[in-house]
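Asks: show me how the following folds:
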Amino acid sequence: MNLDIPSHARAATSFAILVSLIAPAAHAQDRGVRGAVGLGVSYGPTFLGSDEQESNLIPILDLEIGRYGFLNQRGLGLQNSNKFGSGDLKYGFGLGYDFEERIAADEPNLNGLPDIEAGAIATLFVEYETGPLTYGVELQHGLSDEGSDGTQVKLFGTYSAQVNNRMRLSATPYFIWADDSWMDTYFSVTPTQSVASGLATFDANSGVAQGGIVLTGSYALRPRTILFTSLDVSTLTGDAKDSSVSLEDTQTSLTAGVLFRF
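Replies: Below is the predicted model:
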């Protein structure tokens, strides 16, 4: 079992957990550190488009620092929140690290393709919460020459329902658009790479790469101790689906764990 911080498809699961479980307990404050830490276990594809599964330990960290700072899956950054209409508008910027790697030597089906290594990422986001609904857009850009220096834009919406004093359920549909650089890194196969790997040559272009839904449930054992489980079901679309690198269009990840709020 590996120690891994989720990204790409698995990031949606982590993000939905944080939105549905942490956000309702957060309150604007000028000082101090508050939030949640936890640990989960995930079971999902070994890489985006893989037809094989693996298990991973997932450390979860979601902290608000003072009035504007945060440290979570988006990295270390600044955010602000304002009343807008009948809801709250939140926006911010973070610098983080994408720990996800695709190492060809570890995947027999990818022999001959270049490695995609972990690297720094920058994230811009805007969210609007009104009642049980949250809408958002997130732009993520890779900063590493050895990883992906491309850009992804994620659109999502979350509906959360408090079933009783202890149980909470949420559903988060999402779509991910990626630019030429990101698609080229993950899904293109050059003629030289085709000869080395046996995969068909493919030139991936920008477009909607993935769409799916995350279903999350939580149960409060105690006011500050929460058990959660989350199911992320998505499908690759466009060139991501048509690429010879993609061995399975439907990507399913299951995550479960425990959070401690403070």
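Asks: tally of neighbours for residue 237?
Replies: 18 (other C-beta atoms under 10 Å). Quick note: C-beta positions are derived from backbone N, CA and C, even for glycine.
Asks: name the nearest residue to it, ignoring sequence neighbours.
Replies: residue 208 (5.2 Å; C-beta to C-beta, 6 or more residues apart in numbering).
Asks: same thing with residue 156?
Replies: Nearest to residue 156 is residue 174, by C-beta to C-beta, 6+ apart, at 3.9 Å.
Asks: what number of residues lie near that neighbour?
Replies: Using other C-beta under 10 Å, residue 174 is surrounded by 21 other residues.
Asks: what's the answer for residue 57, then?
Replies: By the measure other C-beta under 10 Å, the count of residues near residue 57 is 14.
Asks: quick one, helices of this structure?
Replies: Secondary structure of the chain (DSSP state H): helices located at 9-17, 180-187, 191-197, 238-242.
Asks: mean pLDDT lowest where, among these?
Replies: Mean pLDDT values for these show the minimum at helix 9-17, a mean of 48.
Asks: any idea how far the closest residue in space to residue 122 that isn't next to it in sequence is from residue 77?
Replies: Distances taken as C-beta to C-beta, 6+ apart put residue 141 closest to residue 122, at 5.0 Å, once the chain neighbours are dropped. Note on residue 141: its distance to residue 77, by C-beta to C-beta, to the nearest Å, is 13 Å.
Asks: just residue 186 next, same as before
Replies: For residue 186, the distance to residue 77 - C-beta to C-beta - is 25 Å.
Asks: tell me which of the two has more neighbours.
Replies: More crowded of residue 186 and residue 77, by other C-beta under 10 Å: residue 186, with 24 against 20.
Asks: I'd guessed that one sits against residue 114; true?
Replies: No: with contacts counted by C-beta atoms under 8 Å, residue 186 stays clear of residue 114, the gap being 10.7 Å.
Asks: so which residues of the chain form strands?
Replies: 2-3, 33-45, 53-65, 69-72, 75-84, 87-98, 119-130, 133-142, 151-162, 167-178, 207-222, 225-236, 250-261 (DSSP state E).
Asks: only alpha carbons, please: show the last one as CSV.
Replies: As requested, C-alpha coordinates have been extracted for strand 250-261 and formatted as CSV (Å, rounded to 0.1, in the frame of the first residue of the first chain):
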residue,chain,number,x,y,z
THR,A,250,-14.8,4.5,-17.1
GLN,A,251,-12.8,5.5,-14.0
THR,A,252,-14.1,4.5,-10.6
SER,A,253,-12.5,5.4,-7.2
LEU,A,254,-13.6,4.5,-3.7
THR,A,255,-12.3,6.3,-0.7
ALA,A,256,-13.1,5.9,3.1
GLY,A,257,-11.5,7.3,6.2
VAL,A,258,-11.7,9.4,9.3
LEU,A,259,-11.5,13.2,9.9
PHE,A,260,-10.7,15.1,13.1
ARG,A,261,-12.0,18.7,13.3
